[in-house]
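S.K.: Kindly generate the corresponding structure for this input.
(one chain, ligands or ions: 2)
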Amino acid sequence: MGEKSVDQASLKMLKKAAREGISTAWDRFERQQPQCGFGLSGICCRNCNMGPCRIDPFGEGPNEGICGATADIIAARNLLRMIAAGAAAHSDHGRDVVTTLYETALGEAQGYQIKDEEKLRALAAEFNIPAEGRSKEEIACDLAREAMEEFGMIKGTLQFLNRAPEKRRELWKKLDISPRGIDREVVESMHRTHMGVDNDYVSLTLHGVRTALSDGWGGSMFATEFSDILFGTPQPVRGKSNLGVLKADQINIVVHGHEPTLSEMIVLAARDEELLEMARQKGAVGINVCGMCCTGNELLMRHGVPVAGNFLQQELALITGAVDAMVVDVQCVMPALAQVAKCYHTKIITTSPKGRMSGAEHVPFGEHTALDTARKIVMMAIENYPHRNQKLVEIPDECMEYMAGFSVEAILKALGGSLNPLLDAIKSGQIRGIAAIVGCNNPKTTQDEGHLVLTRELIRNNVLVVQTGCAGIACAKAGLLLPEAAAEAGEGLRAVCQALGVPPVLHMGSCVDISRILVVASAVANALGVDISDLPVAGAAPEWMSEKAVSIGAYVVGSGVFTVLGTVPPILGGKGLVDLLTEGADGVLGAVFAVEPDPRKAASLILDHISAKRKALGLEP
Ligand code: BF8
Ligand code: SF4
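M.R.: Ligands and ions are numbered 1, 2, ... in the order given. Predicted structure coming up:
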């Protein structure tokens with residue numbers, strides 16, 4: 001393995017961890033070597049108690065499970081379960097935001113308000129909800145009810161599918177994969193993968209795409225749109241990133257996880273004059289709320305709140321010794337945090353009934369008392385500040401400015417109100433295409449390197465890059481989210497960025513905000529009168545690790561976008577499945593997956609793909 005990270009702040013904290021005898025994900029990764037070959041290739045099954053069964057990838061041992069399941073069936077079932085878990089995670093987050101909007105509309109939620117009435121009214125129109133002469137609360141109440149219906153749908157298919165280009169919708173219909181309710185597809189995935197139900201890897205995979213579409217065009221889209229209604233639609237904003245955002249003389253609260261319903265209230269509570277006075281009495285000059293992972297993205301998009309780091313930095317933040325409380329809710333929260341926190345004064349506070357952690361303190365968070373609970377949590381951090389062991393405090397000075405907040409609305413505004421300048425730039429070749437670089441960190445690769453190398457290669461070749469998730473944070477830390485980074489872009493892209501005053505890498509938010517990318521892709525396809533699969537666009541997840549990323553990959557490919565994965569998915573044991581996903585899918589969905597761990601080679605795959613699509617559209621000879 002190469003270096004652990006390209007991030008200097010991470011490397012400094014890893015040295016400190018080694019000095020202090022603390023193990024991190026990287027150490028635990030080494031302790032897991034060699035990882036199980038059956039697991040890596042996706043050909044072990046324990047879906048029933050005749051098993052566990054495994055297939056011999058070398059053809060010497062068993063080539064089927066006790067029930068007769070082949071390597072392809074086993075790998076496809078395992079993949080479908082990963083998609084279902086990922087879709088469930090995104091969609092359950094979406095449901096929580098919908099519920100919060102509903103309770104806000106009823107006047108039963110504490111501290112929340114409907115911030116973006118314009119978006120509320122636009123969505124009401126989309127859902128055929130009467131809006132004229134009605135209060136925003138009345139409209140929101142009906143809209144939230146309609147949204148809840150989409151989870152356990154009793155009629156038709158998802159409303160947001162109508163945002164996709166007509167050709168794409170027809171294709172989904174023809175393949176019979178238009179999602180019919182978000183929860184239903186997840187449940188059906190579990191049913192199909194039960195022993196002896198769907199015994200065909202192609203059919204399993206197609207349902208995987210349907211389940212994933214219910215995430216991208218359903219659960220995630222609800223999370224994004226309803227968060228915008230409640231907390232405001234992001235607009236370009238500046239802030240700071242990396243562990244250097246932690247402050248030696250302030251109460252440091254790191255909010256980590258995913259749902260903005262929690263983090264928004266913590267931000268609000270930390271501005272409370274009474275609490276600030278309490279902090280001063282304890283000797284701190286202020287209260288510093290920082291984000292981590294996607295909760296960080298939600299906050300940086302809307303408020304320019306500093307972001308302490310991405311996925312592999314969650315433990316490292318604690319190792320600075322300067323975090324008074326880390327407040328977590330759901331997803332991507334390592335159970336190791338409780339162990340690491342024991343070496344410092346840091347309190348780990350869990351808040352979701354779905355996400356408890358032994359060794360952490362639990363403060364239940366709910367809409368009805370949200371602000372009171374947030375205040376209580378901030379007070380716990382203040383009380384904890386005097387316990388900081390100054391001898392153990394070491395905050396790296398890496399701290400980079402970013403510009404984020406590129407919602408679809410913000411992009412349109414930057415373009416002067418219409419997509420035309422972007423379309424013209426694409427047609428003329430000033431911008432050759434658009435690539436979405438998204439996803440996690442993974443100790444299987446050098447932290448952030450895949451994101452940064454791929455991003456730099458693409459912008460240098462005049463490909464506009466859009467980002468979400470931990471990929472976006474990687475680029476924030478490297479300074480690529482600043483308008484000045486246009487200097488690293490090719491001539492055409494540089495000129496466009498300079499004219500508009502935007503960076504060559506547009507941060508569009510958290511992972512659920514990939515739904516924003518689907519909306520942009522649809523708008524561009526509609527403007528050109530083509531399908532998404534005809535566009536010079538591509539997706540990439542260079543360092544992905546989570547099941548949510550598997551769902552994302554499946555709905556992105558299912559929406560017609562060629563996608564390159566940097567870490568190898570556990571399917572290689574199913575040869576037919578691999579062929580289907582990397583070749584066969586092209587004739588079915590108009591897009592395929594590629595797996596390429598080397599980010600430079602991944603860049604050439606994307607550039608070749610973009611050239612081919614440009615040629616097919618007649619944009620170049
Ligand atoms: O939803 S990029 S490590 S934080 S899964 Fe997790 Fe991956 Fe980060 Fe956000 Ni997305
Ligand atoms: Fe084995 Fe089939 Fe049972 Fe899986 S479902 S454990 S392959 S017998």
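S.K.: Tell me, what's the model's pLDDT at the residue nearest to the spatial centre of the chain?
M.R.: Nearest to the mean C-alpha position of the chain, counting by C-alpha atoms, centre = their mean, stands Cys511 at 1.7 Å. Cys511 carries a pLDDT value of 98.
S.K.: for Gln8, same thing?
M.R.: Here, the pLDDT recorded for Gln8 equals 98.
S.K.: and the residue nearest to the centre of the chain, how far is that from ligand 2?
M.R.: Going from Cys511 to ligand 2 by C-beta to the nearest ligand atom, to the nearest Å gives 31 Å. In this view, the C-beta of every residue, glycine as well, is placed from N, C-alpha and C.
S.K.: go on, Leu464?
M.R.: From Leu464 over to ligand 2 the distance is 45 Å, taken as C-beta to the nearest ligand atom.
S.K.: Counting by contacts, list what the helix or strand where that residue lies packs against.
M.R.: When elements are defined using DSSP states H and E, Leu464 is found to belong to strand 463-467. Secondary structure elements in contact with strand 463-467, counted by 3 or more C-beta pairs under 8 Å, 6 or more residues apart in numbering; DSSP states H and E, are strand 433-437, helix 449-460, helix 491-500, strand 505-507, helix 599-616.
S.K.: The same query, at a cut-off of 7 Å, please.
M.R.: With contacts defined as 3 or more C-beta pairs under 7 Å, 6 or more residues apart in numbering; DSSP states H and E, the secondary structure elements packing on strand 463-467 are strand 433-437, helix 449-460, strand 505-507.
S.K.: Can you tell me which residues in the chain are near ligand 2?
M.R.: 45-48, 50-53, 65-67, 69, 74, 195 (C-beta under 6 Å from any ligand atom).
S.K.: Pick out the one among the residues you listed with the largest number of neighbours.
M.R.: The most neighbours of any of these, using other C-beta atoms under 10 Å, belong to Ile74, which has 30 neighbours.
S.K.: The nearest residue to that one once chain neighbours are set aside: what's it in contact with?
M.R.: When the adjacent residues along the chain are set aside, Ile74 lies closest to Cys45, with 4.5 Å between them (C-beta to C-beta, 6 or more residues apart in numbering). Taking C-beta atoms under 7 Å, 6 or more residues apart in numbering as the criterion, Cys45 is in contact with 51-53, 65, 69, 74, 77.
S.K.: Most widely separated two among those residues?
M.R.: Pairwise distances across the contacts of Cys45 (C-beta to C-beta) peak at 13.2 Å, for the pair Pro52 and Arg77.
S.K.: if we can go back for a sec, any idea which of the helices and strands packed on strand 463-467 gets closest to Pro386?
M.R.: Taking C-beta to C-beta as the criterion, strand 505-507 is the member of the helices and strands packed on strand 463-467 that comes nearest to Pro386, at 36.4 Å.
S.K.: And for whichever helix or strand comes after the closest one, what's in contact with it?
M.R.: Moving toward the C-terminus from strand 505-507, the first helix or strand encountered (DSSP H and E) is helix 514-528. Applying C-beta under 7 Å, 6+ apart, the external contacts of helix 514-528 come out as 163-165, 216-217, 220-221, 224, 407-408, 411, 419, 423, 436, 438, 466, 468, 508-509, 531-532, 534-535, 537, 552, 559, 561.
S.K.: Spatially, and excluding backbone neighbours, which residue is closest to the residue nearest to the centre of the chain.
M.R.: By the measure of C-beta to C-beta, 6+ apart, the closest residue to Cys511 outside its immediate chain neighbours is Gly469, 4.4 Å from it.
S.K.: How many neighbouring residues does that neighbour have?
M.R.: The number of residues packed near Gly469 is 33, by other C-beta under 10 Å.
S.K.: give me phi/psi at it?
M.R.: Backbone torsions for Gly469, taken as degrees, to the nearest 10, come to phi 70, psi -150.
S.K.: for it, what are its contacts?
M.R.: If you count contacts by C-beta under 7 Å, 6+ apart, Gly469 has them with 294, 297, 438-440, 510-511.
S.K.: rerun at 8 Å
M.R.: Contact analysis of Gly469 by C-beta atoms under 8 Å, 6 or more residues apart in numbering lists 294, 297, 438-440, 510-511, 514.
S.K.: Can you tell me which of those residues lies closest to ligand 2?
M.R.: Minimum separation from ligand 2 among the contacts of Gly469 (C-beta to the nearest ligand atom) is found for Cys440, which lies at 28.5 Å.
S.K.: Tell me the secondary structure of the closest one, please.
M.R.: Using DSSP: H, G, I helix; E, B strand; the rest coil, the three-state assignment for Cys440 comes out as coil.
S.K.: what's the answer for Ala308, then?
M.R.: Ala308 is classified as strand under three-state DSSP.
S.K.: And for the closest residue to ligand 2 within the stretch 351-500 of the chain, nearest residue in space, chain neighbours not counted?
M.R.: Each residue of the stretch 351-500 of the chain has a distance to ligand 2, by C-beta to the nearest ligand atom, and the smallest belongs to Lys444, at 26.4 Å. Counting by C-beta to C-beta, 6+ apart, Thr567 is the residue found nearest to Lys444 once chain neighbours are left out, at 5.3 Å.
S.K.: Dihedrals phi and psi, the one you found?
M.R.: Backbone dihedrals for Thr567, given as degrees, to the nearest 10, come out at phi -100, psi 150.
S.K.: how near is it to ligand 1?
M.R.: In this structure, Thr567 lies at 11 Å from ligand 1, with C-beta to the nearest ligand atom as the measure.
S.K.: burial measure for that residue, as a count.
M.R.: One way to gauge burial is a neighbour count; for Thr567, by other C-beta under 10 Å, it gives 19.
S.K.: before we move on, what about the one 4 residues further on?
M.R.: Counted with other C-beta under 10 Å, the neighbours of Ile571 add up to 29.
S.K.: Quick one: low-confidence residue ranges for the stretch 301-450 of the chain.
M.R.: By pLDDT under 70, the stretch 301-450 of the chain has no low-scoring segment.
S.K.: packing partners for the helix or strand hosting Leu577?
M.R.: When secondary structure is defined using DSSP H and E, the element that contains Leu577 is helix 575-579. The contact analysis (3+ C-beta pairs under 8 Å, 6+ apart) places helix 575-579 against helix 71-105, helix 201-214.
S.K.: Show the contacting residues for the residue nearest to Ala75 when sequence neighbours are not counted.
M.R.: Here the nearest residue to Ala75 in space, its sequence neighbours aside, is Gly574; by C-beta to C-beta, 6+ apart that works out to 3.0 Å. Residues in contact with Gly574 (C-beta under 8 Å, 6+ apart) are 42-43, 70-76, 201.
S.K.: Check Leu246 too.
M.R.: For Leu246, the contacting residues are 252, 254, 288, 290, 308, 317, 320, 322-323, 395, taking C-beta under 8 Å, 6+ apart as the criterion.
S.K.: Mind doing that once more with 10 Å?
M.R.: The contact partners of Leu246, by C-beta atoms under 10 Å, 6 or more residues apart in numbering, come to 252, 254, 288, 290, 306, 308-309, 317, 320-324, 393, 395-396, 399.
S.K.: Buried subset of these as a PyMOL selection?
M.R.: One line in PyMOL is enough to select the buried members of these, burial here meaning 16 or more other C-beta atoms under 10 Å:
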select buried, resi 252+254+288+290+306+308+309+317+320+321+322+323+324+395+396+399
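S.K.: How many residues are close by Thr233?
M.R.: The tally of other residues near Thr233 (other C-beta under 10 Å) stands at 21.
S.K.: any idea how far Leu120 is from it?
M.R.: Applying C-beta to C-beta, to the nearest Å, the value for Thr233 to Leu120 is 10 Å.
S.K.: Find residues that contact each of those two.
M.R.: Common neighbours of Thr233 and Leu120 are listed as Glu225 (criterion: C-beta under 10 Å, 6+ apart).
S.K.: right, and the residue nearest to the centre of the chain touches Ala89 too?
M.R.: Yes: with contact taken as C-beta atoms under 10 Å, Cys511 and Ala89 are classed as touching, separated by 9.4 Å.
S.K.: overlap in contacts of those two?
M.R.: Between them, Cys511 and Ala89 share these contacting residues under C-beta under 10 Å, 6+ apart: 220, 258, 331-332, 546, 548, 551.
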